[in-house]
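**Student:** compute the structure for the input listed below.
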Amino acid sequence: MTEPRMVTPMQLECQECRLLSDEEARGWRMYRADDPDDPFADPLIASYCPDCAEREFGPLHPVRVYGHEAF
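**Tutor:** Reported below is the predicted structural model:
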């Protein structure tokens, strides 16, 4: 049996407004960001607070999964 391990929560920082998340980061979105000038560069993960994410990428649309709405 595997021993449980501790996970340290991290704050996210919004790429647009620099807001810091709380421990839950509810509503925050993460997007993969590639460098178009360097195809060999490692991809980055960009985080966006709920307000900036909706402004930049639009609202999330609910998806029906087994008869229930999910995001």
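
**Student:** helices of this protein, start to end?
**Tutor:** Remark: helices assigned in the chain by DSSP state H are 50-57.

**Student:** just for this protein, where's the confidence low?
**Tutor:** For the chain, the stretches flagged by pLDDT under 70 are 1, 63-71.

**Student:** tell me the centre residue of the protein?
**Tutor:** Met30 (2.2 Å; Cα atoms, centre = their mean).

**Student:** mind checking how far that residue is from Arg5?
**Tutor:** As judged by Cβ to Cβ, to the nearest Å, Met30 and Arg5 stand 22 Å apart. Where C-beta positions appear, they are placed from N, C-alpha and C, glycine not excepted.

**Student:** cool, and Pro43?
**Tutor:** Counting by Cβ to Cβ - Pro43 and Arg5 are separated by 26 Å.

**Student:** could you do Arg18 as well?
**Tutor:** Noted for Arg18: a distance of 31 Å to Arg5, by Cβ to Cβ.
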